[in-house]
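Asks: Below: sequence and its predicted model.
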Amino acid sequence: MKIEQIEMREVQMPLISFFETSFGRTTLRRVILIRVFSDGVVGYGEATSPEGPFYNHESTETAWHILEDFVIPPILNAKIDHPLDVAPLLKRIRGHNMAKAALETAIWDLYSRNLKKPIYQLLGGSRQTLDCGVSIGIQESIDELLTKIERELEAGYQRIKIKIKPGWDVRVVQEIRKRFQKIVLMCDANSAYKLQDLEHLKSLDDFGLLMIEQPLAWNDILDHVQLQKALKTPICLDESILDAEDARKAIEAGACQIINIKLGRVGGYSEAIKVHNVCHSRQIPVWCGGMLESGIGRAHNIALSTLQNFSLPGDVSASKRYFHEDIVDPAIEVDPAGKIHVSPGLGIGFQPKMSRINKVTVRMKCFRSKQS
Ligand code: OSB
Ligand code: MG
């Protein structure tokens with residue numbers, strides 16, 4: 001593939017309602033979109049980094065800087081025959097996986113549009129329908145949370161995840177269970193606890209939770225081993241797993257029984273597939289996490305979720321939960337049974353709406369290849 005041009009732009013999309021986790025509240029999504037041009041075909045990717053460095057070390061601004069100064073230049077003038085050629089060219093950049101994934105995923109989209117195939121087919125994905133869950137942020141009151149849960153269940157979602165933090169945990173889960181005895185329920189702490197909270201976390205064992213996601217430090221594996229030994233509820237790691245080696249170590253140590261895979265957090269499809277395979281060969285189920293993506297990131301998440309070991313419902317849900325108007329056509333939709341039907345369309349399977357993208361763009365930069 002001869003890459004002629006790479007364009008990056010920041011788009012700003014207000015969320016329909018705020019999304020609050022143990023690390024803070026988001027009201028406006030600022031994401032970076034990448035467009036890669038080759039021979040009349042365009043591939044799309046999204047940097048899923050949050051606005052501030054509170055989930056991991058990345059932010060919209062660091063992703064912009066790393067893309068502009070370090071990720072785009074080596075790819076712009078390289079010979080790329082296959083999207084798997086991208087990750088090795090970015091290997092010397094330490095960390096900044098979300099910035100790397102933005103371009104890597106765009107090149108997968110470009111490559112598969114060139115071959116006139118959907119990305120999921122090139123990945124070897126086999127799932128045609130995906131089971132969907134939702135992630136519900138911390139609310140102002142338990143009543144508001146219960147109302148939100150009810151609304152999502154009515155929409156068909158198959159699994160409810162709530163965000164927890166000290167002061168918004170056991171009592172909240174207890175109230176949910178009083179009202180909804182049988183639902184598939186889990187919680188995500190985004191690293192809000194320490195091993196000293198072990199006794200408190202053990203009381204979550206009484207509620208039949210599907211899993212507890214990332215209770216301890218964002219960069220920890222060993223304390224999770226201790227915690228998992230003491231808990232009946234499976235631990236799922238999110239923040240701590242940055243590549244396939246982390247997954248192998250966490251599984252071998254007994255730090256978790258489930259892993260959440262995010263394309264951004266692991267640096268793109270090539271590493272996501274490796275994490276998937278490491279987990280699959282060790283009988284550890286995975287599911288696809290979300291980062292409040294626009295339709296472009298969401299469509300990439302759908303493609304990834306078609307791989308066989310994505311056997312638990314993901315945080316991949318409908319565009320209309322997040323935005324009044326998405327930037328892809330059609331918007332991402334979930335059927336009344338809580339399923340996404342995988343699009344057979346080329347690349348990510350959804351058409352970016354340039355008129356909408358132009359409206360929400362706040363800055364843009366273009367890079368032209370010296371080769372063309
Ligand atoms: O930990 O999974 C997380 C959103 C932002 C940052 C981290 C997380 C999340 C979510 C939202 O849980 C998932 C989604 O609906 O996109
Ligand atoms: Mg999480």
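Replies: The structure has been received and is ready for your questions. Ligands and ions are numbered 1, 2, ... in the order given.

Asks: Please enumerate the strands of the stretch 251-372 of the chain.
Replies: 258-261, 286-288, 328-329, 339-341, 351-352, 361-368 (DSSP state E, counting those that start in this stretch).

Asks: Burial-wise, tell me which of those strands comes out on top.
Replies: For the strands of the stretch 251-372 of the chain, the stretch with the most neighbours on average is strand 286-288, a mean of 26; neighbours defined as mean count of other CB atoms under 10 Å. C-betas here are computed from N, CA, C, even on glycine.

Asks: how about it, does it get close to ligand 2?
Replies: No. Judged by CB under 5 Å from the ion, strand 286-288 makes no contact with ligand 2; its nearest approach is 10.6 Å.

Asks: neighbouring contacts of that strand?
Replies: Strand 286-288 is contacted by residues 133, 258-262, 275-276, 279-280, 301, 304-305, 309-316 when judged by CB atoms under 8 Å, 6 or more residues apart in numbering.

Asks: for ligand 2, what are the nearby residues on the protein?
Replies: Within the chain, the positions adjacent to ligand 2 are 188, 213, 238 by CB under 5 Å from the ion.

Asks: Recalculate using a threshold of 8 Å.
Replies: Residues of the chain that fall close to ligand 2, judged by CB under 8 Å from the ion: 135, 188, 190, 213, 214, 238, 239, 260, 289, 315.

Asks: and which of those is nearest to residue 232?
Replies: residue 213 (15.7 Å; CB to CB).

Asks: Could you check the pLDDT of the closest one?
Replies: You'll see residue 213 listed with a pLDDT of 98.

Asks: right, and it touches residue 192 too?
Replies: No. Using CB atoms under 8 Å, residue 213 makes no contact with residue 192, being 10.9 Å away.

Asks: quick one: which of those two has more around it?
Replies: Shown here are residue 213 and residue 192; by other CB atoms under 10 Å, residue 213 has more neighbours (28 against 21).

Asks: Can you name the residues that contact that one?
Replies: By CB under 8 Å, 6+ apart, the contact list for residue 213 reads 161, 186, 187, 188, 189, 190, 235, 236, 237, 238, 260.

Asks: Look up the closest residue to it, ignoring the ones flanking it.
Replies: Nearest residue to residue 213 in three dimensions, chain neighbours excluded: residue 188, at 3.8 Å (CB to CB, 6 or more residues apart in numbering).

Asks: Please tell me how far residue 61 sits from ligand 2.
Replies: Residue 61 sits at a distance of 22 Å from ligand 2 (criterion: CB to the ion, to the nearest Å).

Asks: Pick out the residue of the stretch 51-200 of the chain closest to ligand 2.
Replies: residue 188 (4.4 Å; CB to the ion).

Asks: residues contacting that residue?
Replies: Residues in contact with residue 188 (CB under 8 Å, 6+ apart) are 21, 135, 161, 162, 163, 164, 212, 213, 214, 238.

Asks: which among the residues you listed are in contact with ligand 1?
Replies: Applying CB under 6 Å from any ligand atom to those, one finds that 135, 238 fall near ligand 1.

Asks: could you dump the contacts of residue 188 to TSV with secondary structure and distance to residue 44?
Replies: Listed next are the contacts of residue 188 as TSV, based on DSSP: H, G, I helix; E, B strand; the rest coil; distance: CB to CB, whole Å:
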residue	secondary structure	distance to residue 44
21	strand	27
135	strand	24
161	strand	27
162	strand	32
163	strand	29
164	coil	34
212	strand	34
213	strand	28
214	coil	29
238	coil	25
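
Asks: Just give the nearest non-adjacent residue to residue 155, would you?
Replies: In space, not counting the residues next to it along the chain, residue 155 is nearest to residue 334; the distance is 7.1 Å by CB to CB, 6+ apart.

Asks: Now do the end-to-end distance for stretch 233-248.
Replies: 20 Å (CA to CA, to the nearest Å).

Asks: average model confidence for that stretch?
Replies: Averaged across stretch 233-248, pLDDT comes to 98.

Asks: Would you pull up how far that stretch lies from the middle of the chain?
Replies: Distance, stretch centre to chain centre, for stretch 233-248: 14 Å (CA atoms, centre = their mean, to the nearest Å).

Asks: Check stretch 133-146 too.
Replies: Centroid separation between stretch 133-146 and its chain, computed with CA atoms, centre = their mean, is 20 Å.

Asks: now the contacts of strand 286-288: which count as buried?
Replies: Neighbour counting by 16 or more other CB atoms under 10 Å classes 133, 258-262, 275-276, 279-280, 301, 304-305, 309-310, 312-316 among the contacts of strand 286-288 as buried.

Asks: contacting residues around the residue of the stretch 101-250 of the chain found nearest ligand 2?
Replies: Nearest residue of the stretch 101-250 of the chain to ligand 2, counting by CB to the ion: residue 238, 3.6 Å away. Each residue near residue 238 by CB under 8 Å, 6+ apart is listed here: 188, 190, 213, 214, 260, 262, 265, 289.
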